[in-house]
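Participant: structure for the following, please:
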Amino acid sequence: MQNIYDNNKFFNEYIEMRNKDINANNLIEKPIFLSLLPCLKDKKVLDLGCGYGDLCKLADTDGATKIVGVDISKNMIDLAIKTNSSNKIKYIIKPMEKINEINEKFDFVLSSLAFHYVENFDKLIKDIAKLLHKDGYLIFSQEHPVATAFIPPKNKNIDTKVDIENKRYYLLSDYNNNGIRTVHWNIDGVKKYHRNISTIINTLIDNGLQIEKVIESYADDETIKLEPKYKYQNDRPYFLFIKAKLL
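Facilitator: The predicted structure is shown next:
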């Protein structure tokens, strides 16, 4: 159960990045995620990997009756309490691997860019299904599998992307080799878990969830004007979004 956000170097660099107006979270991930959300008025909402609570606060503003935000990081929960509190929001320091300890049900389970940190995806989805009311929804985003797949060869320096005639080409390997990937992101040794799309989709189906919408991230013209490099979303998307209903 990895807790990189309580590494102060990682946490500070992450918050500095998120505080910038122009970043992939603000311009690409968040708008697409919000497009999948219906009105949450009178609903009970669980946010997994809630970070500093921006989705929890959105649910509160939208009229949800109760919101529970769960995150493994004390740094994140402390910031959420400081910046996104409400009498309808409860924040819990807890890894997603232990959400089976939560003894209530929800209309919506949300998660933004957190599932790729969890090793046992089947257990996670089983636990989520038990936390949802019948006809409840799971809506989540994660890093796109084409972004997590690559395993670099040992002791070799190779280019993983090349720009040719205003188009970007990426090196891809190990797409069907599900498992751990260890990368440098602000700090060394960050662990992510790669799963191909068929594994993700079939795990949801096998646990009683019906897929209603799948979106692979993209950047519109306005976003590309603000940050031209996001045009390369057409060549390799950053994020995968799924909306699924518990039958």
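Participant: when you work out contacts or count neighbours from here on, use the C-alpha atoms and nothing else.
Facilitator: Fine.
Participant: burial of residue 190, as a residue count?
Facilitator: 16 (other Cα atoms under 10 Å).
Participant: show me what the longest strand anywhere in the chain is packed up against.
Facilitator: Ordering each strand of the chain by length in residues (DSSP state E) puts strand 132-143 first. For strand 132-143, the packing partners by 3 or more Cα pairs under 8 Å, 6 or more residues apart in numbering; DSSP states H and E come out as strand 106-112, strand 239-246.
Participant: start from the N-terminal end of this structure and give the strands.
Facilitator: 44-48, 66-71, 89-93, 106-112, 132-143, 161-164, 167-170, 179-185, 187-194, 209-216, 239-246.
Participant: hmm, who's touching the first one?
Facilitator: So that's strand 44-48. Residues from elsewhere that reach strand 44-48 (Cα atoms under 8 Å, 6 or more residues apart in numbering): 55-56, 59, 64-71, 96, 105-112, 114.
Participant: one more time with 7 Å
Facilitator: Defining contact as Cα atoms under 7 Å, 6 or more residues apart in numbering, one finds that strand 44-48 is touched by 56, 64-71, 96, 106-111.
Participant: report pLDDT for the residue nearest to the spatial centre of the chain.
Facilitator: Using Cα atoms, centre = their mean, the residue of the chain that lies closest to the mean C-alpha position is residue 113, 1.4 Å off. At residue 113, the predicted lDDT confidence score is 96.
Participant: wait, it sits on residue 144?
Facilitator: No - if you go by Cα atoms under 7 Å, residue 113 and residue 144 don't touch, sitting 9.8 Å apart.
Participant: circling back to that earlier point, okay, angle between the longest strand of the chain and strand 209-216 too, please.
Facilitator: Angle, strand 132-143 to strand 209-216, by axes from the mean of the first three to the mean of the last three Cα atoms, to 10 degrees: 20 degrees.
Participant: dump strand 132-143 to PDB, restricted to CA.
Facilitator: Extracted in PDB, the C-alpha atoms of strand 132-143 (Å, rounded to 0.1, in the frame of the first residue of the first chain):
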ATOM      1  CA  LEU A 132     -22.900   0.500  -3.900                       C
ATOM      2  CA  HIS A 133     -26.700   0.500  -3.800                       C
ATOM      3  CA  LYS A 134     -28.300  -1.400  -6.600                       C
ATOM      4  CA  ASP A 135     -28.300   0.800  -9.700                       C
ATOM      5  CA  GLY A 136     -25.500   2.800  -8.100                       C
ATOM      6  CA  TYR A 137     -22.600   4.100 -10.200                       C
ATOM      7  CA  LEU A 138     -18.900   3.800 -10.300                       C
ATOM      8  CA  ILE A 139     -17.200   6.700 -12.200                       C
ATOM      9  CA  PHE A 140     -13.400   6.700 -12.400                       C
ATOM     10  CA  SER A 141     -10.400   7.900 -14.300                       C
ATOM     11  CA  GLN A 142      -7.000   6.400 -14.400                       C
ATOM     12  CA  GLU A 143      -3.800   6.700 -16.400                       C
END
